[in-house]
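A.B. asks: Sequence and computational prediction follow.
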Amino acid sequence: MPSDSRHLEARLGHTWGNRDLLLQALTHRSFSPRNYERLEFLGDGVLNCVVGLMLYRQFPDQPEGRLSRLRANLVNQDSLHEIAQDLDLGPHLRLGEGELKSGGAQRPSILADALESLLGSALLDAGFEVAQAMVERLFGARIDAINPNLQGKDAKTRLQEWLQPRRLGLPTYNLLDTAGQAHAQTFHVECRIDARALATHGQGASRKAAEQMAAEAALAALEGQGARKQGKP
């Protein structure tokens, strides 16, 4: 393997008995026909099942629609990429020479897919309970931090819902800059609300993530303005 797997296994909470399964879970299709894609399919199923179960237990009063939105916010590529980065997963991946040179070990889509493949691999190696415990370890803190009344909808949706009843128009999002190499770009986005002469900024590994950050900042600024007005004598 490109890097010693013991630290990764410790972070995941499982030592693989079948080392070939672990190796396959870390192998990109550019390296070998025996790669992680089928394991990713399994891991995606495990992830959605376990995160759904965690949300169901954590929020017994929430309806199905909100639980579905919460799960979608937790298991998207941006979230999986962040967790994979926390695990320092990139150095463990086996990539073809071209993919390696182009920075594939840090590409969000590859890291997210590899994380799911590890879950599928753990399922085959040791059974559902081990894979379930792995998901709970990786996502537990994120679920504990959820406020279901806020995080069932993303920041852009909440900002739009704040603006519309006040007839302030819709925000506009402008891409200001894209920095870094193709495999590890950072997007800088502006969110403008002309009716309030407000402009906020966000950045992220994708334009979508940057727009969400800018929308979150805009919403905080608007709510802050409202609180200051209410506080005037």
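C.D. replies: Nice, thanks for sending it over. Note that this is a predicted model, so its numbers are computed, not measured.
A.B. asks: contacts and neighbour counts: CA atoms only from here.
C.D. replies: Will do.
A.B. asks: what's the helix or strand for V189?
C.D. replies: Element membership of V189, judged by DSSP states H and E, is strand 186-193.
A.B. asks: Does D177 fall in a helix, a strand, or a coil region?
C.D. replies: Counting by DSSP: H, G, I helix; E, B strand; the rest coil, the backbone at D177 sits in strand.
A.B. asks: Bridge partners for it, pull those for me.
C.D. replies: Judged by DSSP bridges, the bridge partners of D177 are H188.
A.B. asks: What are the boundaries of the strands in this structure?
C.D. replies: 172-179, 186-193, 198-204 (DSSP state E).
A.B. asks: Turn these into TSV, including mean pLDDT.
C.D. replies: Shown next, in TSV, are the strands of the chain (pLDDT from 0 to 100):
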stretch	mean pLDDT
strand 172-179	92
strand 186-193	93
strand 198-204	92
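A.B. asks: Outline the domain layout of the protein.
C.D. replies: 6-148, 155-230 (automatic domain parsing).
A.B. asks: Ranked by average pLDDT, which of those domains falls at the bottom?
C.D. replies: Among the domains of the chain, domain 155-230 carries the lowest mean pLDDT, a mean of 86.
A.B. asks: Now do the buried residues in the strand holding V189.
C.D. replies: Within strand 186-193, the residues scored as buried using 16 or more other Cα atoms under 10 Å are T186, F187, H188, V189, E190, C191, R192, I193.
A.B. asks: do stretch 35-52 as well
C.D. replies: For stretch 35-52, the neighbour count (16+ other Cα under 10 Å) marks 35-37, 39-40, 42-44, 46-48, 50-52 as buried.
A.B. asks: Same check on stretch 62-81?
C.D. replies: Using 16+ other Cα under 10 Å as the test for burial, stretch 62-81 gives 66-68, 70-75, 77-81.
A.B. asks: Surely Q77 and A112 touch.
C.D. replies: Yes - contact criterion Cα atoms under 8 Å: Q77 and A112 qualify, at 5.8 Å.
A.B. asks: Which stretches in the protein count as helices?
C.D. replies: 6-12, 19-25, 37-58, 64-74, 77-86, 97-101, 108-126, 128-144, 148-151, 155-163, 207-230 (DSSP state H).
A.B. asks: Would you tell me which one of these is buried the most?
C.D. replies: Comparing the helices of the chain by mean neighbour count (mean count of other Cα atoms under 10 Å), helix 108-126 ranks first with a mean of 24.
A.B. asks: coming back round to it: now for the strands of the chain, which one comes closest to M213?
C.D. replies: Of all the strands of the chain, it is strand 198-204 that lies closest to M213, at 4.8 Å by Cα to Cα.
A.B. asks: Can you pull up the most central residue in this structure?
C.D. replies: For the chain, the residue nearest the mean C-alpha position is S79 (1.0 Å; Cα atoms, centre = their mean).
A.B. asks: Relative to E97, how far out is the nearest residue to it once chain neighbours are set aside?
C.D. replies: Counting by Cα to Cα, 6 or more residues apart in numbering, N73 is the residue found nearest to S79 once chain neighbours are left out, at 7.7 Å. N73 sits 33 Å away from E97 when distances are taken as Cα to Cα, to the nearest Å.
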